[in-house]
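Visitor: okay, here's the prediction I keep looking at, along with the sequence it came from:
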Amino acid sequence: MASEFEGKKLVAIGGASGMGLKTAQNVIEKGGSAVIIGRPGRKLDDAVANLSRSGSAWSIAADLTKWDQVVEAQRQLAQNHSDATLLVNSAGFFLPKPFVDHEVVDYDSYHDLNRSTFFLTQTVVRGMIDGGRGGAIVNVGSMWAHQALAATPSSAYSMAKAGLHALTHNLAIELADKGIRVNAVAPAVTDTPLYEKVFPAGQVQGSLEQLSGLHPLGRIGTPQDLASAITFLLSSDSDWTTGAILNVDGGVMAGRN
């Protein structure tokens, strides 16, 4: 497995931290290279610098809520990274809010991100098709797209992630004859920067640990838990798997303690 991804390039959208970054590390450790798309700033720069110690890594700085920056990211992908055959869509945020309190800006923030994901994926897929080498795509969906939790009202977030699950199924069918597989993972509570805006500063870890009991396996997930599943779905070990939504959730979708 040390050379599983030899000569292959990954595009990690939202890969400057969390499960996207861990996936990029996994791919590079197994012989591949990675392009990280993330918000401009120190976090992106540090992520790529750290990855570059182990292999080839590049950055594309883009705020996915700003369409002009997405268009520029598309241009850079098409010009410099059309040889990418692996893609993980891990960009996201989570701000629980009661349905009746949602405003247009809340709704748009989730669905603007889906729009960016959709068209950045389109750019990468065009390169895969033109190159004739096939490829593998993994979308990071959510347990919240499957079911609602009273403790975390998230109607707009769930709606957006359900859309990403639907995109997974549609692309799996459309791209199968091009040798491109499309799958998704659906995590429950995972210790990633996603929750830094949910809980007060200094209380994130404690608040997350309080949610451990939600999961039959008795703990919250780690970025590596998800990255291991994503890496499997990107690898040749899952060559006969496409259109799957893999629950990587500590058993939440199986039932409750």
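Guide: Great, that's in hand. Because the structure is a prediction, the values reported are computed rather than measured.

Visitor: quick check: closest non-adjacent residue to Phe232.
Guide: Ser238 (5.7 Å; C-beta to C-beta, 6 or more residues apart in numbering). Heads up, the C-betas are built off the backbone N, CA and C, glycines and all.

Visitor: next one: that neighbour from Val138, what distance?
Guide: Separation of Ser238 from Val138 (C-beta to C-beta, to the nearest Å): 10 Å.

Visitor: just His111 next, same as before
Guide: According to C-beta to C-beta, His111 stands 21 Å off from Val138.

Visitor: low pLDDT regions in this structure?
Guide: Scanning the chain for pLDDT under 70 picks out the ranges 1, 193-208, 257.

Visitor: that one: helices as residue ranges?
Guide: 18-29, 42-52, 67-80, 104-131, 155-175, 204-210, 223-234 (DSSP state H).

Visitor: okay, these, which one's buried deepest?
Guide: helix 18-29 (a mean of 25; mean count of other C-beta atoms under 10 Å).

Visitor: chain center to it, what's the gap?
Guide: Counting by C-alpha atoms, centre = their mean, to the nearest Å, helix 18-29 is centred 11 Å from the centre of its parent chain.

Visitor: now distance to Trp58 too, for the helices of the chain, in a markdown table please.
Guide: Output for these, formatted as a markdown table (distance: least, C-beta to C-beta, whole Å):
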| stretch | distance to Trp58 |
| --- | --- |
| helix 18-29 | 11 |
| helix 42-52 | 7 |
| helix 67-80 | 7 |
| helix 104-131 | 14 |
| helix 155-175 | 24 |
| helix 204-210 | 30 |
| helix 223-234 | 18 |
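
Visitor: nearest to Ser142, out of those helices?
Guide: Ser142 lies closest, by C-beta to C-beta, to one member of the helices of the chain: helix 155-175, at 4.0 Å.

Visitor: which elements pack onto the closest one?
Guide: In terms of contacts (3 or more C-beta pairs under 8 Å, 6 or more residues apart in numbering; DSSP states H and E), helix 155-175 is packed against helix 104-131, strand 135-140, strand 180-187.

Visitor: need the residues that contact the last one.
Guide: The set of residues that contact strand 180-187 without belonging to it, under C-beta atoms under 8 Å, 6 or more residues apart in numbering, is 19, 125, 128-129, 134-143, 145-146, 164-165, 168, 171-172, 175, 221, 225-226, 229-230, 233, 238-239, 241-249, 253.

Visitor: swap in the second one?
Guide: Among residues not part of strand 135-140, those counted as contacts by C-beta under 8 Å, 6+ apart are 14, 19-20, 23, 84-90, 92, 117, 121, 124-125, 128, 164-165, 167-168, 171, 179-185, 187, 226, 230, 233-235, 238.

Visitor: contacting residues around the residue nearest to the spatial centre of the chain?
Guide: Centroid-nearest residue in the chain: Ser90, 1.6 Å away (criterion: C-alpha atoms, centre = their mean). Taking C-beta under 8 Å, 6+ apart, we find Ser90 in contact with Ala12, Ile13, Gly14, Gly15, Gly18, Met19, Gly20, Thr23, Val140, Ile230.
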